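Undergrad: Generate a structure from the sequence data that follows.
(one chain, ligands or ions: 1)
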Amino acid sequence: MIGLFSALFKQGDPALSEATVRDAAAIAALHGKSFQRGWSEDEVEGLLTERNVVAHRAVAGRRLVGFILSRVAADEAEILSVAVARASRGRGIARRLLTLHLGRLAGIGICTVFLEVGEHNAPATRLYARAGFREVARRVNYYNDADGRGSTALVLRRDLMTPNSASQHTPQ
Ligand SMILES: CC(C)(COP(=O)(O)OP(=O)(O)OC[C@H]1O[C@@H](n2cnc3c(N)ncnc32)[C@H](O)[C@@H]1OP(=O)(O)O)[C@@H](O)C(=O)NCCC(=O)NCCS
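TA: Model (predicted):
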């Protein structure tokens, strides 16, 4: 019986919510496993205490399996990082996190969202393309790959429909 419950629990979708400073250690650990240059726990803690940082997490049981984090300035935001634990990838968790996150950004009046992504990062470029991001610039040799070669970063942009912009388009 216990086995049945735990099997059902494992298959359930992770719960999404805002991340707080208490998630710093888990986010730093997941970031470290997902990127060549990881963030320290102190760096993540610093980010999560900034008033202009918006962060969401995906939690399965008690385990953090995904996060997304942006910094906002005026009516623009930059997505600084998004990652999903390797064992949980390909199940739509990043898509759900991104949808929630963009909704929150729109709700606080953000009109435009930018981010940088490696041109060969297929899951990430696909995730962003599906979410309506479009390429606006290319930064050649921007990343240092593990093999010592440089690779190109794409700068992507998506405009959001905020409550203000929606009311501006309401027919008179
Ligand atoms: C990018 C990342 C966050 C995606 O997380 P995820 O939860 O697996 O993504 P989803 O399941 O929501 O899938 C998103 C899209 O990527 C596609 N995708 C997933 N894995 C893929 C793969 N290995 N190759 C190609 N496309 C892939 C999915 O099919 C989906 O596209 P679709 O909606 O058109 O079917 C995850 O791969 C990751 O953490 N990578 C390491 C960190 C990273 O590169 N972050 C992005 C930096 S900008």
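Undergrad: residues in contact with the residue nearest to Asn144 when sequence neighbours are not counted?
TA: Computed as CB to CB, 6 or more residues apart in numbering, the closest residue to Asn144 that is not its neighbour in sequence is Gly150, at 6.3 Å. For the C-beta atoms, the positions are set from N, CA and C on the backbone; glycine is no exception. Each residue near Gly150 by CB atoms under 8 Å, 6 or more residues apart in numbering is listed here: Val140, Asn141, Tyr142, Tyr143, Asn144.
Undergrad: Any quick ChimeraX command for the buried ones out of these?
TA: In ChimeraX, this line selects whichever of these come out buried by 16 or more other CB atoms under 10 Å:
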select :143
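Undergrad: which one among the contacts of Gly150 gets closest to Pro14?
TA: Nearest to Pro14, judged by CB to CB, of the contacts of Gly150 is Tyr143 at 28.7 Å.
Undergrad: host element of the closest one?
TA: In the assignment (DSSP states H and E), Tyr143 maps to strand 134-144.
Undergrad: which helices and strands sit right next to that strand?
TA: Strand 134-144 is packed against strand 112-118, strand 150-159, with contacts defined by 3 or more CB pairs under 8 Å, 6 or more residues apart in numbering; DSSP states H and E.
Undergrad: Which among those strands is found nearest to the ligand?
TA: Ranking the helices and strands packed on strand 134-144 by proximity to the ligand (CB to the nearest ligand atom) places strand 112-118 first, at 4.0 Å.
Undergrad: Adjacent strands (with direction) for that closest one?
TA: Applying DSSP bridges, strand 112-118 is found paired with strand 76-84 (parallel), strand 150-159 (antiparallel).
Undergrad: how about CSV for those strands, with distance to the ligand added?
TA: Shown next, in CSV, are the strands paired with strand 112-118 (distance: least, CB to the nearest ligand atom, whole Å):
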stretch, distance to the ligand
strand 76-84, 4
strand 150-159, 9
